[in-house]
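Q: Got a predicted model here, sequence first, then my questions.
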Amino acid sequence: MKGPREEAPVRRSMLVLLALTLAWVGAVFGQAPGSRTVILSTTTSTQDSGLLDVLVPRFEKQTGYSLKTISVGTGQALALAARGEADVTLAHAPSLEQQYVADGKLQNRRLVMYNDFLLIGPAADPAKVRGEESVVAALRKIAGGQARFVSRGDKSGTHTLELSLWKAAGVRPGAPWYIESGQGMGATLGIASDRQGYTVTDRATLLAFARRVDLTPMVEGDRLLLNVYSVMEVNPANGPRVNAAGGKAFADFMLAPETQAVIETFGVDTYGQPLFVPIAGKKDEDL
Amino acid sequence: MDVLIEGVRQGLGLLLGGDPEVLTILWLSFQVSGTATLIALLVGIPAGAALALSRFPGRTLLVSAVNTGMGLPPVVVGLFVTIMLWRSGPLGELEILYTPAAIVVAQAVIASPIVTGITLAASRLQMVWVVLREARLPMLAAVMAGFGGVISEIGASMMVGGNIKGQTRTLTTAMVLETGKGNFEVAIALSILLLALVFGVNWALTTIQQRRPG
């Protein structure tokens, strides 16, 4: 039963199995040619709100491109695009975006839509910030009273905005009252609700989680709480194999009147109110 | 508790009702992890057998490396495979990042040391070919451990696959997404499907294993 003669068939059958596996992998997982594929790096909020599920099939149908959406925090989405690992990016961190554009990594930044952020907190409102008009003043009170605050802490668009607000307030937040979750907006809302702390959230995610979050709006409507989404094309010089034409096609699609009309009504069915306001053609200073 | 009960109810509904999106996800998870396990067997069994049979300087070091590899964190594999497969990376020309093929690669890397380690541990000196041919036990144990490890893995699948709807969304990445969206019932439903899939595969393998040889 044993000996060298027995090894040969085993080895041969192993080789046959290997060849079959490779052929199968090729057949099952084979890809369409690269130039018809567009990679979009974007934020979790566009994905979690369900907007992309509506827009992506329309884009693919209109243009014939196949779109791969990589949805990560805004910081990572922009970094991937700047490396040429994506062809186009949809983000919501204006100051960070402008930096990348100035460096020549991203180009043709155009505003797509906006919604807003809110400062929310426990109904008991230990820092007495409810109804405050200025979010910066409210954050000063929270820091002053050392009231618990839960931050995303993940370099996302929301986190970037939150940090700019602390900076404007002249406060450097820290432990023990300041908690960093390091997770997405949904998980962060859960933690803030559980620990009864204040947090900054985008409206779309708050609406999606409304049933499970025991926190109430404290400050909203401040100009600083505007959440602006822009689309940017990746500079083909950033790396090999950037699909510049495909990236531009998606950027153009986001600004087309038909797409903007879809954005305008998106969310009404589910939440009774739209989640985003389309703003194609506007500039940062118009808002 | 309501969430759990509702999730279990929805899970059964999704499984029995044949929701096309869920079936796509389920089938993709099975295909990807099955292929990765197969590749791991092709790599791990010869490697484990060879290691068991041979004696050479530095063998202990290599065996320790295999044993470490059995606990390789998927997220580490995901990171390195992602960087290798980047357009700007050494394997960028393949253009397989964010495709199921990328997940297969990452999962095969995770499962191979598991299969190697189990084969190595199970193989007796000189007996290795007999073991491979006649005793199904170590191979099946390797399959179960390898498949169980990769089907439930999330870090690597998320990173190299990108969780793209209809393309690279697996049971585990879909679960994270649905949790992120606040759809806890759907997430629970998906986890029940995952458990059912793992149980089904293990049941089938255990049945084969316990059948008397010959």
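A: Sure thing, it's come through.
Q: so A:Ala192 makes contact with A:Tyr198?
A: Yes - with contact defined as CB atoms under 8 Å, A:Ala192 and A:Tyr198 form a contacting pair (7.2 Å). Yep, even glycine has a C-beta here, placed from its N, CA and C like the rest.
Q: Contacts for stretch B:111-125 next, please.
A: B:36-37, B:39-41, B:43-45, B:47-49, B:51-53, B:63, B:66-70, B:72, B:131, B:137-139, B:141-143, B:145-147, B:149-150 (CB atoms under 8 Å, 6 or more residues apart in numbering or on different chains).
Q: what residue lies at the spatial centre of chain B?
A: Per CA atoms, centre = their mean, the C-alpha nearest to the average position across chain B is that of B:Val150, at 2.0 Å.
Q: How are the strands of the stretch 51-200 of chain A distributed by residue range?
A: Assigned by DSSP state E, counting those that start in this stretch, the strands in the stretch 51-200 of chain A fall at A:66-72, A:88-91, A:106-121, A:149-151, A:178-180, A:199-202.
Q: among those strands, which is nearest chain B?
A: strand A:66-72 (4.5 Å; CB to the nearest CB).
Q: Tell me how far that closest one lies from the chain's centre.
A: Its chain's average C-alpha position is 11 Å from that of strand A:66-72, according to CA atoms, centre = their mean, to the nearest Å.
Q: Work out the gap between stretch B:109-118 and the centre of the chain.
A: The answer for stretch B:109-118 is 10 Å, by CA atoms, centre = their mean.
Q: hey, which helix is longest across chain B?
A: Using DSSP state H, we find that the single longest helix of chain B is helix B:20-53.
Q: rewinding a little: and for A:Ala192 and A:Tyr198, which residues touch both?
A: In contact with both A:Ala192 and A:Tyr198: A:120, A:150, using CB under 8 Å, 6+ apart.
Q: burial count for A:Lys283?
A: By other CB atoms under 10 Å in any protein chain shown, 9 other residues sit near A:Lys283.
Q: residues contacting it?
A: Counted by CB under 8 Å, 6+ apart, A:Lys283 has contacts A:Leu111.
Q: Ok, A:Ala168 next?
A: A:136, A:224.
Q: How much space separates it from chain B?
A: 29 Å (CB to the nearest CB, to the nearest Å).
Q: same question, A:Leu207
A: As judged by CB to the nearest CB, A:Leu207 and chain B stand 10 Å apart.
Q: What parts of chain B come near chain A?
A: B:31, B:35, B:38-39, B:42, B:45-46, B:86-88, B:92, B:95-101, B:104, B:126-127, B:129-130, B:132-134, B:162-165, B:167, B:177, B:179-182, B:184 (CB under 8 Å from any CB of the partner chain).
Q: For the closest residue to A:Ala244 other than its chain neighbours, list the residues it contacts.
A: Distances taken as CB to CB, 6 or more residues apart in numbering or on different chains put A:Pro236 closest to A:Ala244, at 4.4 Å, once the chain neighbours are dropped. Applying CB under 8 Å, 6+ apart to A:Pro236 gives the contacts A:84, A:242, A:244.
Q: can you check A:Leu225 too?
A: Contacts for A:Leu225 were tallied using CB under 8 Å, 6+ apart; they are A:116-119, A:135, A:161, A:219.
Q: Quick check: what element follows the worst-scoring helix or strand of chain B on mean pLDDT along the chain?
A: When the helices and strands of chain B are compared on mean pLDDT, DSSP states H and E, helix B:128-134 comes out lowest with a mean of 58. Scanning forward in sequence from helix B:128-134 by DSSP states H and E, the next helix or strand is helix B:137-151.
Q: Determine the set of other helices and strands touching that following helix.
A: Counting contacts by 3 or more CB pairs under 8 Å, 6 or more residues apart in numbering or on different chains; DSSP states H and E, helix B:137-151 packs against helix B:20-53, helix B:100-122, helix B:184-210.
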